[in-house]
Structure formats: C-alpha cells, structure tokens
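Participant: Task: produce atomic coordinates for the following.
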Amino acid sequence: MGRGLWRKSVPAQVSREGLSSCPGSMALWRAYQRALTAHPWKVQVLTAGSLMGLGDVISQQLVERRGLWEHQTSRTLTMFSLGCGFVGPVVGGWYRVLDRLIPGTTKVDALKKMLLDQGGFAPCFLGCFLPLVGAVNGLSAQDNWAKLQRDYPDALITNYYVGCCPVCCCYLELLPVLEGTSALSLPLSVVSALQ
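Facilitator: Take a look at the predicted model:
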C-alpha cells in the first residue's frame, strides 16, 4: 500500500503533459518514479526535506529578498532536516493510515480523506510542528508555549485558506508564522498571489 503512495496523488496525464514540454524532464520524472517504487519511504522523506529546504530558499530569496550574501544557510538546513526528520515520516505515515481508513479513489473518498486530514490531522500536526520549530530555534519552554498560543490560530486559519487555493508550495502556509507575521495581516500582494 505504501509503494507509490505519493505517486497516486499526481495523475499520469498531468505529469506527462506538464513535463513533456521540457526536454529531459520526463526522464527525470521516470527516474524519480523508479526510485519511489524501489525505496518509497526514503524517497518520500528526502522529497519532504528537499521541498522544505527549497521552500526556505524561496522564502529567503523571493519573499525576504536577502540575496546570496545574506542567505541563512543554517536556516535552510534546519528546514531540510525538519522535513526529513519530522514532516516526511509523520505525513507519509499519516497518508498510509488515511489510505487504510478510507480505501478508494472516488471523489467522495477524496472528500472524506480531505475532511479527515484537515479536520483531524492538520490541527494535531501544527500543534506538534510549531513547538518543534520553536525548540530547534532555541526557545525556552515558556517562550515556546507563548509562541504556540499566539501563532497556532493564525497558522491553522492560514492552513485552511491555502488548502482551498491551488497552491503547490510546500508549507507556504507556515511562512507567516515562521517569520513572526500574523497570517491575518498578510500583504495584499501575497494574498492576491495566493488566489
């Protein structure tokens, strides 16, 4: 059941049409699919870490406009590590559980999975992920608790908002929280880009 778990979420026609316009991209996609079939857990964990690391690079370079000289490599490596060590295993394990709880691929099954994921898993996941980020960033237990109480509602609301939009950027919804900005006070340019 776990083999190809993430592969199921990308329809074959979408991957072929989207990647066929770039030479060599289909070969890369096939190599990724072969690796995913041969080593599903390792590839899923590395994919989560890579996406989180890439998300941090995008945040620092495009959102914060730090430039190469001001780029915080340690922050990028921390996000990569969190992706490999926490997000990948937890989310990958959750999707396996979800596939066992709600087998099937119909639209109704997908809706059930989404409701269970967003209603049950997302609040718990954020409640674990945010304190973990705080601990990694060196916050004391008291400061971490205060930050969780302050940021959790915004993070959850933003998670639901981004979840309804066609955004394919891993953990984009957490950027305001990780940067200390209220999710409810995002700049209009960011909000319009999400829509």
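Participant: Can you read off the pLDDT for the spatially closest residue to Asn137 that is not a sequence neighbour?
Facilitator: In space, and not counting its chain neighbours, Asn137 is closest to Thr78: 8.0 Å by C-beta to C-beta, 6 or more residues apart in numbering. Yep, even glycine has a C-beta here, placed from its N, CA and C like the rest. Listed pLDDT for Thr78 reads 94.
Participant: what about dumping the CA coordinates of the helix or strand where Thr78 lies to PDB?
Facilitator: In this structure, Thr78 sits in helix 73-82 according to DSSP states H and E. Extracted C-alpha coordinates of helix 73-82, given in PDB (Å, rounded to 0.1, in the frame of the first residue of the first chain):
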ATOM      1  CA  THR A  73      22.200  28.500   5.100                       C
ATOM      2  CA  SER A  74      21.800  27.200   8.600                       C
ATOM      3  CA  ARG A  75      18.000  28.000   8.500                       C
ATOM      4  CA  THR A  76      17.700  26.200   5.100                       C
ATOM      5  CA  LEU A  77      19.500  23.200   6.500                       C
ATOM      6  CA  THR A  78      17.200  23.300   9.600                       C
ATOM      7  CA  MET A  79      14.100  23.300   7.400                       C
ATOM      8  CA  PHE A  80      15.600  20.400   5.300                       C
ATOM      9  CA  SER A  81      16.300  18.500   8.500                       C
ATOM     10  CA  LEU A  82      12.800  19.100   9.800                       C
END
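Participant: Skip ahead from that helix and say which helix or strand is next.
Facilitator: helix 88-101.
Participant: Quick one: mean pLDDT for that following helix?
Facilitator: Mean predicted confidence for helix 88-101 is 93.
Participant: So that it lines up with my notes, have the first residue be 476 from now on.
Facilitator: Shifting the count to begin at 476 puts that one at helix 563-576.
Participant: packing partners for that helix?
Facilitator: helix 515-533, helix 582-591, helix 597-611 (3 or more C-beta pairs under 8 Å, 6 or more residues apart in numbering; DSSP states H and E).
Participant: Against which helices or strands is the longest helix seen in the chain packed?
Facilitator: Among the segments of the chain that qualify as a helix by DSSP state H, the longest is helix 616-638. Under the contact criterion of 3+ C-beta pairs under 8 Å, 6+ apart, helix 616-638 touches helix 597-611, helix 650-653.
Participant: Where does pLDDT dip in this structure?
Facilitator: Filtered on pLDDT under 70, the chain yields the residue ranges 476-498, 637-670.
Participant: you'd agree the residue nearest to Asn612 is up against Val611?
Facilitator: Yes: counting by C-beta atoms under 8 Å, Val611 is a contact partner of Thr553 at 5.8 Å.
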